[in-house]
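Q: Let me see the structure of the following:
(one chain, ligands or ions: 2)
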Amino acid sequence: MGIHSLLGVCYWLATLAVAKDISGGYHGDRSISLDEAEVPVDVSSCARALKDLSIHPEQATESIFSKVSFAVHRSGETEACGVAPPSVTALQHALASLESYDAVLNKYQVESFLTGFFADRLGTGKCGPEEGTSLFDYCDEGPARTVIQPDHQKLVHVPHGDSMSLPCRFYTREGRRISSLEFLKELADLAVQKASDCPDETCGFAAIELYAAPAGRMFMFAPSYVGEVFELKHVKDSIGEVITVETLSLEPRVFDIHNFFTVEEADQLLTKALGETSETYGFHRSTTGTSGASVFSKRTSENAWDTHGATAQKVKRRCFSLLGIDEYEESMSDGLQILRYNLTKAYTSHYDYLEDKANKELYDYDSSMKGGNRFATILLYFSDLPEDGGGETVFPRAWPVGLPVEERVQLPEAIKQLRASGEADLLTPGSWEEEMVAQCRTRLTVKPSKTRAVLFYSQYPNGTLDTFSYHGGCPVLKGTKFAANLWTWSAIRPEFPGAPTKREKTPEEIEEEAAATRQVHATFRNSGKDPRFDASTQVYYEDLTFFGNLGPNDPPVGVNTFKTHKWNIKVNGKTLKSFVITGANEKEVFVI
Ligand SMILES: *[C@@H]1O[C@H](CO)[C@@H](O)[C@H](O)[C@H]1NC(C)=O
Ligand SMILES: *[C@@H]1O[C@H](CO)[C@@H](O)[C@H](O)[C@H]1NC(C)=O
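A: Ligands and ions are numbered 1, 2, ... in the order given. Modelled structure (predicted):
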């Protein structure tokens, strides 16, 4: 057994012993840092700890973990960077020890544990970011590159030589996080079963494929060929059928998501957006940019926002689960953006990844270091458009998959063909829209259809911008296209507390942030002048939370609320009016 492993076992058992002492029964819901636990890290006390806890080495050979190998991948990589073969090695021994000790570890402890043992087992030269480094160096990118996620304080450091290292997170190929030893055991059982079902020796021995993501970085699917499918049985709150992710393209990485949402959900989201009366949330001309968004002549579509609607919340949570994020974080996505493209409307090609070209922003958008940016986009299509109706999502830097090189049509020729067909006659010749349609007919596209859902990534697993993610919304040539998208961030996004910044905030910025989150006392009053607001009038926070009756004879309803919160006035369950808290004053009064 290597020295790291022995220390690792000790570290773990001692931490658990301490945890038991503290809580009188360990429930796995409390993470213990090394400082807190004062773990004995010298070999002799380690041996004592092992003895005290009656670990019998022979138990290791009986463990399921001694029958499987572990193939460790770096996040997003199709080839394993290292394999720990099945034998009674340090890793298996340690897992068996924990197993026989009946240890209940929380997910952070499991991750710390696995990081230490894989790093030790695989050694130098395997899985490290460069020659002569190890998994430790991959998992812990150092303070300059480690993104501080909302749960950063819960990470359990791994003993690494004389120092401590941040742990990786480990996932299945489908993005299910290895959050308990029981789950790892389940995977081992399955792998052993699969190997024993195998008709001949060609299938090899039982193996568990694990995908490691460095501390602070996101899981991403690692497709190796177009058409490859991932079955996501674990996705929470699915629509009943198993969600599958099918690879449409490798460069950019684009996937179809089958069985992701229902016709009913599409209709609910659309009805809500169309009925939205507030200026901020209802349909309006779309804007672009990081701060102080502005109207852009090449984005002619409109959008509405749904942040807290019941269906939007359900779909947002499903998106997180699909992306391999096991705990939903409101601060790591934008609202669901509902899109409307009327006839001829379009959005020229762009990145969803935000660029801070002038380098003047307070927030740090450099996700290749410790900043945050959008990393995944999930598109939901709500309309069936005819075959020649346009409205595709185009990735102009990629060609259709499988198209022979000699059949690629270059842009000037594509424009010529388009004009000859007369199919874009409603667009001005020479306009950016016309050029776009020509691109949309010759480059990689996704065609809209009702309940189709698509995922693509704007970042590589190491956080750098994937320039192949450049894409646009093609002009609509027939009918209207409705769609929605959810942008998920690789860190807490700007304007939420904890978002990465490039520098210290100035006192003015601190004040601004405080103002943004300052409590407002809002009062809703029924003047009795509008006969629509009868005795059945009610005040709701968003859609689901009833706050009070507001008939003509009811007293005013007072609430404590925050800037941007939305309050709905409903009559017989239908929203007739919405108010958004502006935050301009500490007290706001709304009269109907
Ligand atoms: C799109 O069409 C809808 C419905 O006809 C209309 O209300 C809206 O103003 C149109 N938007 C634009 C930008 O033309
Ligand atoms: C990040 O990953 C991309 C894609 O694999 C690669 O081209 C790039 O060099 C990497 N960047 C760094 C800083 O490692």
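Q: all strands for the stretch 51-200 of the chain, in order.
A: For the stretch 51-200 of the chain, applying DSSP state E, counting those that start in this stretch gives strands covering 69-74, 82-84, 158-160, 163-165, 169-171.
Q: just so I know, which of those lies nearest ligand 2?
A: Ligand 2 lies closest, by CB to the nearest ligand atom, to one member of the strands of the stretch 51-200 of the chain: strand 69-74, at 10.0 Å. C-beta coordinates here come from the backbone N, C-alpha and C atoms, glycine included.
Q: Report the contact partners of residue 209.
A: Applying CB atoms under 8 Å, 6 or more residues apart in numbering to residue 209 gives the contacts 71, 73, 80, 172, 173.
Q: ok, back up a step: deepest in the core, which of the strands of the stretch 51-200 of the chain is it.
A: strand 169-171 (a mean of 26; mean count of other CB atoms under 10 Å).
Q: what sits up against that one?
A: Outside strand 169-171, the residues that touch it by CB under 8 Å, 6+ apart are 75, 111, 114, 177, 178, 210, 211, 212, 213, 215, 219, 324.
Q: The first one: how many residues sit nearby?
A: Same thing as residue 75. Residue 75 has 23 neighbours, counted by other CB atoms under 10 Å.
Q: which ones are touching the nearest residue to residue 177 once chain neighbours are set aside?
A: Take residue 177 and drop its neighbours on the chain: the residue closest to it by CB to CB, 6 or more residues apart in numbering is residue 326, 4.7 Å away. Contact analysis of residue 326 by CB under 8 Å, 6+ apart lists 107, 177, 179.
Q: tell me the contacts of the residue of the stretch 101-250 of the chain found nearest ligand 2?
A: Residue of the stretch 101-250 of the chain nearest ligand 2, by CB to the nearest ligand atom: residue 129 (7.5 Å). With contact set as CB under 8 Å, 6+ apart, residue 129 has these partners: 137, 138, 141.
Q: quick check: mean pLDDT across stretch 443-452?
A: The average pLDDT within stretch 443-452 is 98.
Q: next one: stretch 486-500
A: pLDDT averaged over stretch 486-500 gives 93.
Q: chain center to it: distance?
A: Put simply, stretch 486-500 sits 11 Å off its chain's centre (CA atoms, centre = their mean, to the nearest Å).
Q: hang on, the earlier thing: from the contacts of residue 326, pick the one nearest residue 431.
A: Comparing the contacts of residue 326 against residue 431 with CB to CB picks out residue 177 as the nearest, at 47.7 Å.
Q: Could you report the neighbour count for that closest one?
A: A count of nearby residues for residue 177, using other CB under 10 Å, gives 21.
Q: Quick check: beta-bridge partners of it?
A: Residues in a beta bridge with residue 177, per DSSP bridges, are residue 171.
Q: next one: residue 341
A: Here residue 341 sits in beta bridges with residue 481, going by DSSP bridges.
Q: Now do it: how many residues are near it, please.
A: 27.
Q: How about residue 496?
A: Residues near residue 496, counting by other CB under 10 Å, number 17.
Q: who touches it in this structure?
A: Neighbours of residue 496 in contact, by CB under 8 Å, 6+ apart: residue 331.
Q: which SS state does it fall under?
A: coil (DSSP: H, G, I helix; E, B strand; the rest coil).
Q: try the one 3 residues further on
A: Residue 499 carries the three-state label coil when classified by three-state DSSP.
Q: For it, which non-adjacent residue is spatially closest?
A: residue 492 (4.6 Å).
Q: if I've got this straight, the one you found is in a strand?
A: No - residue state for residue 492 (three-state DSSP) corresponds to coil; a strand is not indicated.
Q: near ligand 2, which residues of the protein show up?
A: Within the chain, the positions near ligand 2 by CB under 6 Å from any ligand atom are 368, 460, 462, 464.
Q: Go through those residues and flag which are in helices.
A: With helices taken from DSSP state H, there is no overlap with these.
Q: Most neighbours of all these, which one?
A: Within the residues of the chain next to ligand 2, most neighbours by other CB under 10 Å means residue 460, with 19 neighbours.
Q: OK, contacts around it?
A: 76, 466.
Q: measure it to residue 373 for me?
A: 12 Å (CB to CB, to the nearest Å).
Q: Quick one: the helices in the stretch 401-550 of the chain, in order.
A: Taking DSSP state H, counting those that start in this stretch, the helices of the stretch 401-550 of the chain run over residues 411-421, 432-440, 507-517.
Q: now swap in the stretch 101-250 of the chain and tell me
A: Secondary structure of the stretch 101-250 of the chain, counting by DSSP H, counting those that start in this stretch: helices at 107-122, 135-139, 181-197.
Q: CSV please, covering those helices and showing mean pLDDT and distance to residue 428.
A: Listed next are the helices of the stretch 101-250 of the chain as CSV, based on pLDDT from 0 to 100; distance: least, CB to CB, whole Å:
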stretch, mean pLDDT, distance to residue 428
helix 107-122, 87, 56
helix 135-139, 96, 52
helix 181-197, 88, 58
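Q: which stretch among those helices comes nearest residue 566?
A: Ranking the helices of the stretch 101-250 of the chain by their distance to residue 566 (criterion: CB to CB) puts helix 107-122 first, at 34.5 Å.
Q: which strands and helices sit next to the closest one?
A: Under the contact definition 3 or more CB pairs under 8 Å, 6 or more residues apart in numbering; DSSP states H and E, helix 107-122 sits against helix 3-23, strand 69-74, strand 82-84, helix 90-100, helix 135-139, strand 158-160, strand 169-171, strand 207-213.
Q: quick one, that helix and strand 69-74 angle?
A: For helix 107-122 against strand 69-74, the angle by axes from the mean of the first three to the mean of the last three CA atoms, to 10 degrees is 100 degrees.
Q: Where does pLDDT dip in the chain?
A: For the chain, the stretches with pLDDT under 70 are 1-63, 86-104, 201-204, 290-293, 516-517.
Q: how does it divide into domains?
A: Per automatic domain parsing, the structural domains of the chain span 3-213, 229-406+444-489, 507-591.
Q: These: which one's closest to residue 499?
A: Closest to residue 499 of the domains of the chain, according to CB to CB: domain 229-406+444-489, at 5.7 Å.
Q: what ranges do the strands span in the stretch 201-350 of the chain?
A: Under the criterion DSSP E, counting those that start in this stretch, the stretch 201-350 of the chain contains strands at 207-213, 229-232, 243-249, 254-258, 284-285, 287-288, 294-295, 302-306, 336-341, 347-350.
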